[in-house]
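Asker: for reference, the sequence and a predicted model appear below.
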Amino acid sequence: MRPTHLTARRLAAALAVLAGTLVVTLVAATLIGPARASLSAALAPGGEATPDYAILFRARLPRVLLAAVVGGSLAAAGAALQALLLNPIAEPHLLGISAGAAVAGVVAIIVGADAASPIVPLAAFLGALGMITLVYLGARAAGRASPHAILLVGVVCNALAAAAIMLANAIVSYTQAQGILFWIMGSLSTQSYQLVAIAAAYALVGVAWIVRHAQDLNLLALGEESALELGVEVERTRRSVFVAASLLVGAAVAVSGMIGFVGLIVPHLLRLALGTDHRLLVPASFLGGATFLVAADTVARTALAPAELPVGVVTALLGGPFFIWLLRRSLVRALA
Amino acid sequence: MTAAIAAEGLRHDYGRGPVLDGVSLAVGAGEIVGVIGPNGSGKTTLVRLLAGVLRPQAGHVTLGGTRLDALARRDVARLLAVVPQDSALEFPFTALEVVLMGRAPHLPPLAFPRARDVAIARAAMARLEVGAVEDRALLQLSGGERQRVLLARALTQEPRVLILDEPTTHLDLRHQTGIYDTVRGLARDGGVAVLSVLHDLNLAALYCDRLVLLAGGRVIAAGAPAEVLAGALLAEAYGVPVHVGTNTVTGTPIVLPLPRLP
């Protein structure tokens, strides 16, 4: 029989399976790569001096962990935004939120911040928050913002932000433009455990914040009026979850650039598999998104080795067709 | 005795003249009050004001003697449940999940429903004959099933006041009377105060203790069904001639529209 509602046991079982999958993926991704590296050599006494150790623990592991944090953040933010906007196709990139984060990050870099400093994530977070506020207020008419309007305004704001980044690129020096381009294109390549830790801290706060409102998100999915009638302080919840989603997206963009479609695909697949209850869907999206991006980044590192594909290309190549399939599916259902 | 829910001098407009102007009414525990009136008379606005979804521009609503705007949303949700006309749900929640959401105001934010909460939800679904579809997505149910699931959710809230906004639009005869038989049971046995908007004047006559007739945003008549369902009043409110007879089985009024040309 199909499960009819979420219980603590089902939540624990689902999260345990997803966490197990993530751990296996993390280990496998650390061991897979164009350069050969032996785990036993690295872990042997005195192994810290070996090239194996350098490859596994200085080059690959921090990158794999960063991919996990970024993928998890984007997917959890996607799940929350979809619930908040009552729109299953809402996604941080479609709505221009990542672009807003990117603009603010670019400004911070131009003003002189080092791309690896914690100032850039902070600026990107503020940019994401600014953009989400702009989109929300821009789409709001007569006291309510329809999902349709939010999507349209989001797409326009996305284009505006892209133009702003090109403008910045055109007016700064060649070296700065290279730095900006490098940062925007994004890469999960890092050797800094400190960067991973900072991103993880942002992710932890953001996800915990959203999970705290998970039941409110369930009720909001019934519509604004029904949510109010079931005791949700709708405006407060909205603001709170918007801020948390901005935190997640801002931090992800700051450390990895623009990686699309993770926030769309992952919550969708998990909703199909696990149901819609956001008390499960949000943490499950974090774990699933982490697994997905670690796997995608492994493809990006190895598919054309020694050349490296931008990971955003891999996620877009997987995500674009998926998105079209999703739209068609809902169109077919609407006309059926 | 304090009314379970009362409105005093409610006024509201959306920017094009008042939709409601000086509406007062009260519903006592165990009573069923019907709100009738033509399209655009302000019935749905009245429901939204009573539920606290809209704030009145003048006047106020009291719940058990306390002003609505002095209560937290969660406290209101423990006392008052609303059955909407329909639900536009984008996500595939199951029917039981939707009904269980009625327990949300009674549970801490992160708590899962206890066995008792699930039992309350299942009992409400059984009472409305939607127990068999509990694992289906709400989106996939027929309009009639969906409406009964939404009423089951309201029952699961265990409210003192129940507000229904035309809950029988999509229902066949059997389920129309079924819903109101259930509602009458809640009022008689549970002391729930019920306010229902109705389009069907004959249902209103059958089930309501009192009726409030709205037209142009004002109460133009209020009282027992036999007083309010009078030919001249209805003709004035709806702008069409009607024939009012008597249901010989129940003794309640029957209202039939008449063609304007004989």
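Answerer: Perfect, thanks for sending it.

Asker: C-alpha from now on. contacts and neighbour counts both.
Answerer: Fine.

Asker: off-centre distance for stretch A:48-61?
Answerer: In terms of Cα atoms, centre = their mean, to the nearest Å, the centre of stretch A:48-61 is set 27 Å apart from its chain centre.

Asker: quick one: end-to-end distance for that stretch.
Answerer: Its first and final residues considered, stretch A:48-61 spans 14 Å by Cα to Cα, to the nearest Å.

Asker: and for stretch A:269-286?
Answerer: Looking at stretch A:269-286, the gap from its leading to its trailing residue is 13 Å under the measure Cα to Cα.

Asker: can you count the residues close to residue A:322?
Answerer: By other Cα atoms under 10 Å in any protein chain shown, the residues close to residue A:322 number 15.

Asker: pLDDT value on it, please?
Answerer: At residue A:322 the predicted local distance difference test score is 79.

Asker: then residue A:333?
Answerer: As summarised for this prediction, residue A:333 has a pLDDT of 65.

Asker: before we move on, what about residue B:188?
Answerer: You'll see residue B:188 listed with a pLDDT of 94.

Asker: report the contact partners of the closest residue in space to residue A:271 that isn't next to it in sequence.
Answerer: Setting aside the residues directly before and after it, residue A:271 is nearest to residue A:281 in space (Cα to Cα, 6 or more residues apart in numbering or on different chains), at 6.8 Å. With contacts defined as Cα atoms under 8 Å, 6 or more residues apart in numbering or on different chains, residue A:281 is in contact with A:79, A:267, A:270, A:271, A:274, A:275.

Asker: now that we have these, which one has the most neighbours?
Answerer: Taking other Cα under 10 Å as the neighbour criterion, residue A:79 ranks highest of the contacts of residue A:281 with 34 neighbours.

Asker: these two touch, right, that one and residue A:263?
Answerer: Yes: contact status for residue A:79 versus residue A:263: in contact at 7.0 Å, counting by Cα atoms under 8 Å.

Asker: thinking again about what came up before, tell me which element the residue nearest to residue A:271 falls in.
Answerer: Assignment of secondary structure by DSSP states H and E places residue A:281 within helix A:278-302.

Asker: the helix or strand just after that helix packs against which elements?
Answerer: Toward the C-terminal end, the helix or strand that comes next after helix A:278-302 (DSSP H and E) is helix A:311-335. Under the contact definition 3 or more Cα pairs under 8 Å, 6 or more residues apart in numbering or on different chains; DSSP states H and E, helix A:311-335 sits against helix A:262-274, helix A:278-302.

Asker: from the chain's centre, how far out does helix A:311-335 sit?
Answerer: Here the centre of mass of C-alpha atoms in helix A:311-335, compared against the chain's by Cα atoms, centre = their mean, lies 17 Å away.

Asker: now do the contacts for residue 86.
Answerer: Because you didn't say which chain, this covers chain A. With Cα under 8 Å, 6+ apart as the criterion, the residues that contact residue A:86 are A:147, A:220, A:221, A:223, B:90.

Asker: I was thinking of chain B, sorry if that wasn't clear
Answerer: Counting by Cα under 8 Å, 6+ apart, residue B:86 makes contact with B:143, B:146, B:147.

Asker: equivalent analysis for residue A:47, please.
Answerer: The neighbourhood of residue A:47, defined by Cα under 8 Å, 6+ apart, consists of A:41, A:53.
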